[in-house]
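Peer 1: I need the structure of the sequence given here:
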Amino acid sequence: MRWPSSLICVLLVTAGLSACERSADNQYQAPQPSTAAKPSTTGDVKPLVFDPNDVKSFKVLPAKFEYDKNPITDEKVTLGRMLWYEARLSKNHDISCNSCHDLSAYGVDNKPFSSGHKGQLGGRNSPSAYNAGHHVAQFWDGRAATLEDQAKGPILNPVEMAMPDEKRVITTLKSIPEYVKLFKTAFPDDKEPVTYDNMAKAIGAFERGLVTPSRFDKYLDGDDKALTAEEKAGFHKFISLGCPTCHTGVAVGGSTFQKLGLVKEFAGLKDNGRFDHTKDEKDKFFFRVPSLRNIEKTFPYFHDGSITTLDDTVTKMAWHQLGVEAKPDEVKAIVAYLKALTGDLPTEYIKKPELPASTPTTPKADPS
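Peer 2: Next comes the predicted model:
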């Protein structure tokens, strides 16, 4: 891997650098700049020399995100893909994982809040499912440690897929002979393969292959021509303004939690963020830092989907998180770089399979 000498530049970082959290279970922890900035009593931001070794924290995406507690097999992926598109996992048989995380649309539905059971709206924007295998935890507040844990939540959430309990889910799956066979094939060592945990493991195994390599990965791998001059300038500006304080690593984010409004207060913020999960005052207004991969396609932005454009998002982030009033040309340059993070969709991998037919014993949809 070779790096342009211009990447050895000044990084402006904030007092919040050390506030970024880590999870012991995270297999893809992103290195942070080697020296923490100390704020002056006036709140000024001190410049630091950006260590070239820190630049290497931008990593090429792997082919898939392995997890030793749920080894990926072809059989699990086949089952997980079917379950991803399976609307019978919802109370009214009308909502699947793909309804809110449309894989043909970069894993989102481009709505501020997704529509669930009987048209109910969720309270936070639905994040992309792509490259989520890198994340330190799942959901904006990190309440699920892994993709497998996350897969269990929406199915039983009364606002989302609204299944009444795990028993109803398993009864539905067991009523369809083809699923019983697929579970046995995917989990051959289990005496009772059709379980709620195994359902989540299959979906998780499938999600761990939702990876979108981009031209940025080719650039990281040494192809200096993979990015345009404008995009390279944007990458340098992204670094020099201090964005890698949080947005670094394999997914250019996703590996830490950070306070929204770290340097400059984020006015009107009503969502308590991670505090809702931990009940720890120190976590108030902290959210999992989003990945910036495919950010061009995953609008609207923020936990509440309140911002619709990348320009506005970059401007607000520079101000609230870094205390930097980004100039229009700086914003333009950074946005050019961010668009280079748009990856290639794995069209064959995400192709919707033919789902097994219901049987007379399959529980009917319940619109109540």
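Peer 1: how many neighbours does Thr309 have?
Peer 2: 12 (other C-beta atoms under 10 Å). In short, each C-beta sits where N, CA and C put it, glycine included.
Peer 1: what's near enough to touch the residue nearest to it when sequence neighbours are not counted?
Peer 2: In space, and not counting its chain neighbours, Thr309 is closest to Phe299: 7.5 Å by C-beta to C-beta, 6 or more residues apart in numbering. For Phe299, the contacting residues are 110, 308-310, by C-beta atoms under 8 Å, 6 or more residues apart in numbering.
Peer 1: Can you check the pLDDT for Phe299?
Peer 2: Here the pLDDT value assigned to Phe299 is 98.
Peer 1: That one - that's part of a helix, no?
Peer 2: No. In this structure, Phe299 is coil, not part of a helix, as judged by DSSP: H, G, I helix; E, B strand; the rest coil.
Peer 1: In the stretch 1-150 of the chain, where is pLDDT below threshold?
Peer 2: 1-55 (pLDDT under 70).
Peer 1: For it, just list every one of the helices.
Peer 2: Under the criterion DSSP state H, counting those that start in this stretch, helices of the stretch 1-150 of the chain are mapped to 52-55, 74-84, 97-100, 147-156.
Peer 1: tally of neighbours for Ser114?
Peer 2: Counted with other C-beta under 10 Å, Ser114 comes out at 22.
Peer 1: who's in contact with the closest residue to it other than its chain neighbours?
Peer 2: Spatial nearest neighbour of Ser114, excluding adjacent residues (C-beta to C-beta, 6+ apart): Cys100 at 4.0 Å. Contact analysis of Cys100 by C-beta under 8 Å, 6+ apart lists 108-109, 114, 116, 122, 126, 154, 160.
Peer 1: Domain ranges for the protein, per the record?
Peer 2: 5-61+214-339, 74-207 (automatic domain parsing).
Peer 1: There's contact between His277 and Trp140 in this structure, I believe.
Peer 2: No. Checked against C-beta atoms under 8 Å, the pair His277 and Trp140 is beyond contact range at 9.6 Å.
Peer 1: Give me the contacts around stretch 155-165.
Peer 2: Residues from elsewhere that reach stretch 155-165 (C-beta under 8 Å, 6+ apart): 89-92, 95, 100, 114, 116-118, 120-123, 153-154, 166, 169.
Peer 1: chain center to it, what's the gap?
Peer 2: In terms of C-alpha atoms, centre = their mean, to the nearest Å, the centre of stretch 155-165 is found 22 Å from the chain centre.
Peer 1: Kindly report the same for stretch 139-154.
Peer 2: With C-alpha atoms, centre = their mean, you get 11 Å for stretch 139-154.
Peer 1: before we move on, what about stretch 202-215?
Peer 2: Using C-alpha atoms, centre = their mean, the offset of stretch 202-215 from its chain centre is 11 Å.
Peer 1: Secondary structure class of Phe183, three-state.
Peer 2: helix.
Peer 1: what's the burial count for it?
Peer 2: Using other C-beta under 10 Å, the number of residues around Phe183 comes to 24.
Peer 1: could you list every residue that touches it?
Peer 2: Taking C-beta under 8 Å, 6+ apart as the test, what Phe183 contacts is 79, 173, 193-194, 198, 202.
Peer 1: could you dump those residues to JSON lines with neighbour count?
Peer 2: What follows is those, written out as JSON lines (neighbours: other C-beta atoms under 10 Å):
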{"residue": "Leu79", "neighbour count": "27"}
{"residue": "Leu173", "neighbour count": "22"}
{"residue": "Pro193", "neighbour count": "17"}
{"residue": "Val194", "neighbour count": "19"}
{"residue": "Asn198", "neighbour count": "21"}
{"residue": "Ala202", "neighbour count": "28"}
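Peer 1: Need the contact partners of stretch 346-360.
Peer 2: So stretch 346-360 is contacted by 78, 81-82, 85-86, 88, 98, 103-104, 175-179, 209-212 (C-beta under 8 Å, 6+ apart).
Peer 1: Span of it from start to end?
Peer 2: Using C-alpha to C-alpha, to the nearest Å, the end-to-end distance of stretch 346-360 comes out at 36 Å.
Peer 1: Okay, Leu61 and Thr245: tell me how far apart.
Peer 2: Relative to Thr245, Leu61 is positioned 21 Å away (C-beta to C-beta, to the nearest Å).
Peer 1: do the same with Asp224
Peer 2: Asp224 is 26 Å from Thr245, by C-beta to C-beta.
Peer 1: and Leu269, what pLDDT?
Peer 2: pLDDT, read off for Leu269, is 92.
Peer 1: what about Ala105, neighbour count?
Peer 2: Ala105, neighbours per other C-beta under 10 Å, totals 14.
Peer 1: Look up the closest residue to it, ignoring the ones flanking it.
Peer 2: Closest residue to Ala105 apart from its sequence neighbours, by C-beta to C-beta, 6+ apart: Lys297 at 7.2 Å.
Peer 1: Flag the shaky bits of the stretch 201-350 of the chain, pLDDT-wise.
Peer 2: Checking the stretch 201-350 of the chain against pLDDT under 70 turns up nothing.
Peer 1: just the helices in it please.
Peer 2: 215-220, 229-241, 275-278, 310-322, 328-339.
Peer 1: The second one - contacts with which helices or strands?
Peer 2: This points to helix 229-241. Packing contacts for helix 229-241, counted by 3 or more C-beta pairs under 8 Å, 6 or more residues apart in numbering; DSSP states H and E, involve strand 10-12, helix 328-339.
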